[in-house]
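Student: with the input below, show me the fold.
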Amino acid sequence: MTIITFPLDETRSTHPHLRRFDARTDLLPVADLVERCFNETLDADGRRYIQNMRRTAESPQFFRWASGVSELSGAPFNGFVWEREGAIIGNLSLIPMPARGEKIFLIANVAVHPDHRRKGIARSLTDAALEESRRRRADRVWLHVRADNPAAIRLYERLGFTERARRTTWYNTRRDAEPVEAAGVGIVDLSRRHWAPALDWFHRLHPPELDWYLALDLRALRPSPAGWIHRLLTGSSPRTWAAVRDDRPLAVLAWQGTHTASDRLWLAAPQDADPAAIRLLIRHAEGQLTSRKPLNLEYPAGRAAGVLESAGFNPHHTLIWMERG
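Tutor: Numbers count the residues shown, from 1 in each chain. A predicted model of the protein is given here:
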């Protein structure tokens with residue numbers, strides 16, 4: 001994990017209300033601000049994230065070393081806040097992300113109190129983050145914004161960000177109990193002879209330019225001795241199935257257990273995939289899983305929406321991923 005610290009003599013910016021995030025004093029008010037700004041759209045993992053922020057801030061051990069640490073799993077220790085009359089009314093987290101030979105920063109948790117919006121606070125926070133990214137010699141800066149937030153989208157476009165992907169997160173809190181029929185379709189464990197088309201579908205639907213944030217590890221899915229060794233070394237234990245007709249793969253589904261509130265599914269299928277085959281594949285996976293946790297699935301926006309809804313999934317949000325080089 002990359003650890004970046006901000007010296008204390010750099011915490012004050014040239015703007016009287018803008019300063020660097022100070023974990024020792026800001027974690028609790030930022031948690032309150034983020035919860036207030038996104039309360040209607042937070043999922044279970046988002047609420048757990050805020051709870052972790054509060055627990056971290058209230059831990060006696062935390063204060064003994066907070067001044068020297070700027071990143072902790074589950075807590076935004078890099079970034080900027082907007083403070084007015086002693087109250088934090090704006091926040092932005094700047095998170096260094098692990099990447100293959102690149103230095104990538106993610107702008108996240110951009111929140112402005114509802115009573116202080118449309119005053120240029122988000123723009124100033126983002127400008128500060130971009131300047132910090134340049135100072136840190138970032139190769140790329142990314143952010144995500146909800147597709148139903150046109151004002152924020154326009155702001156980021158004016159700042160030079162370009163849309164790279166639009167992805168919907170789906171949640172399933174119930175198992176599909178309705179009969180599913182797909183003529184001539186069988187469900188099998190993913191095999192080596194199905195891997196080539198499956199790999200192509202995964203690359204198309206979960207593009208490599210986003211692999212720095214996607215938790216999808218294709219090496220762990222590979223049905224080969226190399227894949228088995230990788231799973232053994234990493235402790236990964238995904239399960240993967242294919243819907244086939246005449247031994248020709250129609251769609252592939254992978255399950256991945258997590259430590260969060262929901263487990264993850266990864267769907268890979270061609271553009272013209274048989275909806276019944278996808279639904280049968282999901283139904284089979286649900287019957288095979290012993291975990292009763294809710295399932296989440298991320299997919300390109302607008303793709304397979306009808307079949308996912310018929311399989312019991314509900315769209316939670318659609319995020320636009322934007323990049324600035």
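
Student: contacts and neighbour counts: CA atoms only from here.
Tutor: Fine.

Student: excluding its backbone neighbours, what's nearest Ala304?
Tutor: Pro275 (7.6 Å; Cα to Cα, 6 or more residues apart in numbering).

Student: neighbours of that neighbour, how many?
Tutor: Number of residues near Pro275 (other Cα atoms under 10 Å) recorded here: 19.

Student: how near is it to Ser191?
Tutor: Applying Cα to Cα, to the nearest Å, the value for Pro275 to Ser191 is 22 Å.

Student: repeat for Val252
Tutor: 11 Å.

Student: and Ala31, by the same measure?
Tutor: 46 Å.

Student: neighbour count for those two, which is higher?
Tutor: Legend: neighbour count by other Cα under 10 Å for Ala31 and Ser191, higher for Ala31 (21 against 14).

Student: packing partners of the helix or strand hosting the more buried one?
Tutor: Assigned by DSSP states H and E, Ala31 falls within helix 23-38. Here helix 23-38 touches helix 44-57, strand 87-97, strand 104-112, going by 3 or more Cα pairs under 8 Å, 6 or more residues apart in numbering; DSSP states H and E.

Student: ok, now with 7 Å
Tutor: Using 3 or more Cα pairs under 7 Å, 6 or more residues apart in numbering; DSSP states H and E, the elements in contact with helix 23-38 are helix 44-57, strand 104-112.

Student: neighbouring strands for the shortest one, and are they parallel or not?
Tutor: Taking DSSP bridges as the criterion, strand 104-112 forms sheet pairs with strand 87-97 (antiparallel), strand 140-146 (parallel).

Student: and whatever helix or strand comes next after that strand with strand 140-146, angle?
Tutor: Scanning forward in sequence from strand 104-112 by DSSP H and E, the next helix or strand is helix 121-135. Our comparison of helix 121-135 with strand 140-146, counting by axes from the mean of the first three to the mean of the last three Cα atoms, to 10 degrees, yields an angle of 160 degrees.

Student: buried residues, helix 121-135. List them.
Tutor: Ile121, Ala122, Arg123, Ser124, Leu125, Thr126, Ala128, Ala129, Leu130, Ser133 (16 or more other Cα atoms under 10 Å).

Student: will you turn those residues into TSV that also has pLDDT and distance to Arg303?
Tutor: Formatted as TSV, these follow (pLDDT from 0 to 100; distance: Cα to Cα, whole Å):
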residue	pLDDT	distance to Arg303
Ile121	96	35
Ala122	96	32
Arg123	96	33
Ser124	96	36
Leu125	97	34
Thr126	97	31
Ala128	96	36
Ala129	96	33
Leu130	96	33
Ser133	94	34
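
Student: which residues of this protein fall in strands?
Tutor: Assigned by DSSP state E, the strands in the chain fall at 18-20, 79-84, 87-97, 104-112, 140-146, 162-172, 186-189, 239-245, 248-256, 263-268, 295-300, 314-324.

Student: so which of those strands gets nearest His284?
Tutor: His284 lies closest to strand 186-189 among these, at 7.4 Å (Cα to Cα).

Student: mind exporting the closest one as PDB, just the C-alpha atoms?
Tutor: What follows is strand 186-189, C-alpha atoms only, in PDB (Å, rounded to 0.1, in the frame of the first residue of the first chain):
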ATOM      1  CA  GLY A 186     -26.900 -26.300 -20.000                       C
ATOM      2  CA  ILE A 187     -24.900 -24.900 -17.100                       C
ATOM      3  CA  VAL A 188     -21.300 -26.200 -16.600                       C
ATOM      4  CA  ASP A 189     -18.300 -25.200 -14.600                       C
END
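
Student: who does that strand pair up with?
Tutor: strand 239-245 (antiparallel).

Student: report the angle between the axes of the strand it pairs with and strand 263-268?
Tutor: 30 degrees.

Student: what about strand 239-245, average pLDDT?
Tutor: Across strand 239-245, pLDDT averages out at 96.
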